[in-house]
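Trainee: Here is a sequence with its predicted model. Questions after.
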Amino acid sequence: MKKLPTLDMSGDTYYVVLGISETATQDEIKRAYRHLIRRVHPDKFPEASQHWKLAVEQKSKKVIEAYCVLSDSTQRSSYDQQLALYRQQHAPSPPPPQRATTTSPPRTCTSTANPGLESQAGQREENWRFLPISAFWGGILITAAVLLMLLSIYFDIIVSASPGDL
């Protein structure tokens, strides 16, 4: 009996390679294999580029390997067991439970007349709540100021230069 190839479960399963369901019959496997191998066989593309030929060869090797394993009932059952074990070991973990949060009104940009003073409840008041948009507009203003300064320097050079210097 031929040994099963090592499974690379990071990619497609043999069922996906052949485009069939995991409950497919032997006739469906054979039909899918014949259909695919006619489409991807390297001899079908004699004048293709080397890159294309290499890609077609790799695809046809995958199709042939999938058919060899799935067409033999003992290899298929062994493959299905390995696939089930892999899926069991690499099943996505459930998301962590959500913590109950209290709903509070959204915070906006606020300022206080006396920064740093304690409120009557004994909590420190928030001085400023910066929104992400303020950082964007601040960057725009700084860029505009730098550009205006550079234009000012450029025009000062042009105006102060004598006509012979240009």
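Mentor: Arrived safely, thanks for sending. Numbers count the residues shown, from 1 in each chain.

Trainee: The chain - how does it break down into domains?
Mentor: 14-89, 132-161 (automatic domain parsing).

Trainee: shaky segments in this structure?
Mentor: Counting by pLDDT under 70, the chain shows low-confidence ranges at 1-11, 93-94, 99-138, 161-166.

Trainee: what about the longest helix in it?
Mentor: Longest helix in the chain, counting residues (DSSP state H): helix 132-160.

Trainee: helices or strands up against it?
Mentor: Applying 3 or more CB pairs under 8 Å, 6 or more residues apart in numbering; DSSP states H and E, we find helix 132-160 packed against no helix or strand. Yep, even glycine has a C-beta here, placed from its N, CA and C like the rest.

Trainee: just to revisit the earlier point, return the most buried member of the domains of the chain.
Mentor: Stretch with highest mean neighbour count among the domains of the chain: domain 14-89 (a mean of 14; mean count of other CB atoms under 10 Å).

Trainee: can you give me the end-to-end distance of it?
Mentor: With CA to CA, to the nearest Å as the measure, domain 14-89 spans 19 Å from end to end.

Trainee: ok, now how distant is the closest residue to residue 15 other than its chain neighbours from residue 87?
Mentor: Excluding the flanking residues, the one nearest residue 15 by CB to CB, 6 or more residues apart in numbering is residue 22, at 5.2 Å. Per CB to CB, to the nearest Å, residue 22 is found 11 Å from residue 87.

Trainee: Could you do residue 33 as well?
Mentor: As judged by CB to CB, residue 33 and residue 87 stand 24 Å apart.

Trainee: same check, this time on residue 156
Mentor: 72 Å.

Trainee: repeat for residue 38
Mentor: 31 Å.

Trainee: Kindly report the same for residue 34.
Mentor: 29 Å.

Trainee: contacting residues around whichever helix or strand residue 16 is part of?
Mentor: Under the criterion of DSSP states H and E, residue 16 resides in helix 14-18. The contact list for helix 14-18, computed with CB atoms under 8 Å, 6 or more residues apart in numbering, reads 21-22, 24, 29, 32-33, 36, 62-63, 65-67, 69-70, 79.

Trainee: C-terminal to it, which secondary structure element comes first?
Mentor: That would be, after helix 14-18 and using DSSP H and E, helix 26-40.
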